[in-house]
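S.K.: Okay, structure incoming, though there's no sequence with it:
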């Protein structure tokens, strides 16, 4: 660890989830070690006022930016970026969890590699903070190319830390996107700057019934097509293409967890007419027992990813959130 100081602005968008914010993201941001943090909570049009006695909100390192009407998570993150004063900026969703050494480790890795941004390993946990599954982070050497096939930066917006000037030059998040704005920005960052990686698991995403993937009914496949068109030239230069079948499995898994069987079946078919996807579609439409039978016969797992997926042990720092 270097002794050099680091000033980091942490941007946390939220809307009507003050108690969730206090128990998870805000706690994780305020326990960071080895860095000077400011936490910018962007209230994206909440209809309930934040309770004054919620732990963390009265900390002098925390300030709030308020939108009178909801503008979307990408706009909320951009609003926080405009308010940021730190050399480095990190984004943190209001229900995600960080290791206390997350920011320091990433700053050190970025500085050591003269990189404009850094990322780390991530896991998914349930509401009891028990491990669901985890991913090892991809190598920086192939990141720019890999991102033009699939979002390999596991952990969503809560994973990456970047120099503020690099983020500003990349124009921040595309406010026309609601689910894939982070992936779109990572593609642009990887084209513009060097990346660094911390192999350790420093981020945990909470799997719960009110996550955006489950409650938002908008068609995320429209965003995928937009992304594919937007970055078509870069993908052609890299000799790759966006993996529509894999994306469909991810999107359909969200529909299944939310109980939207018809939407899941349609998404599987839109992704690919390969036999495995057609079996997934049939199983999704007919219900959990049929999907289980298909899975047993074909080894099909809803939302499974074909490469790079590794189950990790639950990191010890999750004890902070239990």
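M.R.: Ah, there it is. Being a predicted model, the structure only gives us computed values, none of them experimental.
S.K.: ranges for the helices of this structure?
M.R.: Counting by DSSP state H, the chain has helices at residues 18-23, 25-30, 73-83, 102-112, 140-146, 164-169, 181-192, 212-215, 220-230, 232-238, 244-257, 261-271, 275-286, 288-298.
S.K.: can you tell me the average pLDDT over stretch 205-216?
M.R.: Here stretch 205-216 scores 63 as its mean pLDDT.
S.K.: cool, stretch 49-60 as well?
M.R.: 82.
S.K.: Need the distance between the two termini of that stretch.
M.R.: Start and end residues of stretch 49-60 are separated by 19 Å (Cα to Cα, to the nearest Å).
S.K.: tell me the domain ranges of this structure?
M.R.: 7-205, 215-298 (automatic domain parsing).
S.K.: Just put those domains in TSV and tack on mean neighbour count and distance to residue 316.
M.R.: In this view, the C-beta of every residue, glycine as well, is placed from N, C-alpha and C. Shown next, in TSV, are those (neighbours: other Cβ atoms under 10 Å; distance: least, Cβ to Cβ, whole Å):
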stretch	mean neighbour count	distance to residue 316
domain 7-205	20	9
domain 215-298	17	28
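S.K.: right, and those - which one's nearest residue 322?
M.R.: If you check each of these against residue 322 by Cβ to Cβ, domain 7-205 wins as the nearest, at 5.1 Å.
S.K.: would you list the domains of the chain in CSV and tack on distance to residue 318?
M.R.: Putting the domains of the chain into CSV (distance: least, Cβ to Cβ, whole Å) gives the following:
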stretch, distance to residue 318
domain 7-205, 5
domain 215-298, 22
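S.K.: Out of those domains, name the one with the poorest average pLDDT.
M.R.: Averaging pLDDT over each of those puts domain 215-298 lowest, since it has a mean of 67.
S.K.: next one: stretch 144-163 to chain centre, how far?
M.R.: 8 Å (Cα atoms, centre = their mean, to the nearest Å).
S.K.: OK, contacts around the residue nearest to residue 17 when sequence neighbours are not counted?
M.R.: Once flanking residues are discounted, residue 17 sits nearest to residue 94: 5.4 Å by Cβ to Cβ, 6 or more residues apart in numbering. Applying Cβ atoms under 8 Å, 6 or more residues apart in numbering, we find residue 94 in contact with 12-14, 17, 20-21, 24-26.
S.K.: Okay then, goodbye and thanks.
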